[in-house]
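Enquirer: attaching a predicted model along with its sequence, questions to come.
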Amino acid sequence: MSLKKIIISLEEEETIKKQLEKRSDPEAQRLERFLAMPDLTRTEGNPLCEIAKRALSLADFKDFYDIKTPEIVGTDVSFDLFDFAQDHPARSKSDTYYIDDKHILRTHTTVMWYYFLIQEEIKNKIRNGESVGSLSHGKVYRRDEIDRSHMNVFHQIDGWYLCPKSVKEITKEDLQDVLAKIAKAIYGENVKYRFNEDTFPYTHPSIEMEIERGGKWLEVLGAGVVKGTVLKNLGVDPEVYNGWAFGFGLERLAMISMELPDIRLLWSDDERVKKQLKLDNKFKEVSKFPGIIRDISFVVDKSFTPNDYYDLVRDLGKDLVEEVKLIDTFTSVEKFGADRISYTFRVSYRSNERTLVSVEVDTIQNMLYQETKNRFNAEVR
């Protein structure tokens, strides 16, 4: 089954990318690197690509559109249209990658709702009272902590369906039905699952699905009834139309399926790793290479945010950084002054492909000391 495809190409996005290329500041270089990373949902042989294919192949979606949207979007599209409160954490520059005051790296593939509904073909269908649906998948970006299950570049898939209320009133049972079908497509017909209530800015009611693996219940999928206010924001009459929507991160589903111990393995070029990256195949360690741990302590202004620091560590250590843990904070008016605070971070370095040597890590750590001073006006202790 091949879905009808829509590819959104924005001149504005290309202009912003060219502006980024002209900048030499660390943030611009970081964003360029993120944008250049491959989309694993479109990388043949990668388990994230397989999950996307299984979801898109469901019979329920045979009349849906497969839409590819920009990765640089406006804050109005990402937040305002989707009823994100003005004080919602996602709007913060410590949570989201801003290119300028009005443009960000997309934080969720749900932005496809907007791009889908501005297509003339879809506008005509809505005017004619037809039902419509679309799916979208790809990279998203969020400032985040660093550990074995989190990266600041990851992948999502979103889907939604709109129909006139005269055709069907969407209920919670419709949400449960679509989530169950997706879970079975990924984990098999015998997967055990259950549902809980949840909360999202753009759907109500909302639910999450948990599946049982190894005696534990793990959250994997979320869905909800599209809020009338969001439909109105997008130019659809909520008195006439209603719909359901789902969205989820692919890395978590893949790691659960393969019992993968480290998210970085999904990006590995090591053939010993790549040949094991198959859904339902329990991953076996190629070799448990030893790690090296280094601590760094420094005093900075209270405006400092840890997510900014995680970015710096990742910039310097790249895929050798396994985890960055905040292990201590300390304030002392006598020692540091009223507006300064001491942080201690523990950086765990480990390669999934080879044994690290101390001199290699010490080189990175020395750069970290220097850049901590330069970028955050920090006093390294």
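Expert: Arrived safely, thanks for sending. Residues are numbered from 1 along each chain as shown.
Enquirer: which residues touch Leu250?
Expert: The contact partners of Leu250, taken as Cβ atoms under 8 Å, 6 or more residues apart in numbering, are Leu40, Thr41, Leu48, Ile51, Ala52, His137, Phe154, His155, Gln156, Ile157. Yep, even glycine has a C-beta here, placed from its N, CA and C like the rest.
Enquirer: Ser342 too?
Expert: When contacts are taken as Cβ under 8 Å, 6+ apart, Ser342 is in contact with Ser297, Phe298, Val299, Asp328, Thr329, Phe330, Thr331, Ser332, Phe336, Arg381.
Enquirer: what about it, helix or strand, and which?
Expert: The secondary structure element spanning Ser342 is strand 340-349 (assigned by DSSP states H and E).
Enquirer: I'd like the next helix or strand past that strand.
Expert: Per DSSP H and E, strand 340-349 leads on to helix 358-376 as the next helix or strand towards the C-terminus.
Enquirer: next, the nearest residue in space to Arg375 that is not next to it in sequence: secondary structure please.
Expert: On the basis of Cβ to Cβ, 6 or more residues apart in numbering, the spatially nearest residue to Arg375 that is not a chain neighbour turns out to be Leu312, at 6.4 Å. Per DSSP: H, G, I helix; E, B strand; the rest coil, the secondary structure class of Leu312 is helix.
Enquirer: are any of the contacts of Ser342 buried, and which?
Expert: Buried subset of those (neighbour count, 16 or more other Cβ atoms under 10 Å): Ser297, Phe298, Val299, Phe336.
Enquirer: would you format those residues as JSON lines with pLDDT, secondary structure and distance to Glu169 included?
Expert: Formatted as JSON lines, these follow (pLDDT from 0 to 100; DSSP: H, G, I helix; E, B strand; the rest coil; distance: Cβ to Cβ, whole Å):
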{"residue": "Ser297", "pLDDT": "97", "secondary structure": "strand", "distance to Glu169": "59"}
{"residue": "Phe298", "pLDDT": "96", "secondary structure": "strand", "distance to Glu169": "57"}
{"residue": "Val299", "pLDDT": "96", "secondary structure": "strand", "distance to Glu169": "59"}
{"residue": "Phe336", "pLDDT": "90", "secondary structure": "helix", "distance to Glu169": "60"}
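Enquirer: show the contacting residues for the residue nearest to Arg375.
Expert: Pro26, Leu368, Glu371, Thr372, Arg375.
Enquirer: next one: the first one from Arg314, what distance?
Expert: So the one you mean is Pro26. Using Cβ to Cβ, to the nearest Å, one obtains 12 Å as the distance from Pro26 to Arg314.
Enquirer: the two: which has the busier surroundings?
Expert: For Pro26 versus Arg314, neighbours defined as other Cβ atoms under 10 Å are more numerous around Arg314 (20 against 15).
Enquirer: so how far is Lys288 from that one?
Expert: Using Cβ to Cβ, we find Arg314 at a distance of 22 Å from Lys288.
Enquirer: and the protein, what are its domains?
Expert: Residue ranges for the structural domains of the chain, counted by automatic domain parsing, are given in the record as 4-258, 292-380.
Enquirer: want to throw those domains into TSV with distance to Lys275?
Expert: Rendered in TSV, the data for those read as follows (distance: least, Cβ to Cβ, whole Å):
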stretch	distance to Lys275
domain 4-258	9
domain 292-380	14
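Enquirer: for Asn281, which of these is the nearest?
Expert: Nearest to Asn281, of all the domains of the chain, is domain 4-258, at 5.8 Å by Cβ to Cβ.
Enquirer: gap between the two ends of the closest one?
Expert: From its first residue to its last, domain 4-258 covers 31 Å (Cα to Cα, to the nearest Å).
Enquirer: got it, and stretch 4-14?
Expert: 25 Å.
Enquirer: quick one on the thing from earlier: by neighbours, which of the contacts of Leu250 wins?
Expert: If you rank the contacts of Leu250 by neighbour count (other Cβ under 10 Å), His137 sits at the top with 28 neighbours.
Enquirer: does that residue touch Gln156 like I think?
Expert: Yes: applying Cβ atoms under 8 Å as the test, His137 and Gln156 come out as touching, 6.8 Å apart.
Enquirer: touching both of these two, which residues are there?
Expert: Thr109, Leu250.
Enquirer: residue contacts, the nearest residue to Phe116 once chain neighbours are set aside?
Expert: Nearest-residue entry for Phe116: Ser134, 4.6 Å, with adjacent residues in sequence omitted and distances by Cβ to Cβ, 6+ apart. Residues counted as contacts of Ser134 (Cβ under 8 Å, 6+ apart) are Ile6, Phe64, Tyr65, Asp66, Ile67, Met112, Trp113, Phe116, Gly159, Trp160.
Enquirer: now with 7 Å, please.
Expert: When contacts are counted by Cβ atoms under 7 Å, 6 or more residues apart in numbering, Ser134 is found next to Phe64, Tyr65, Ile67, Met112, Phe116, Trp160.
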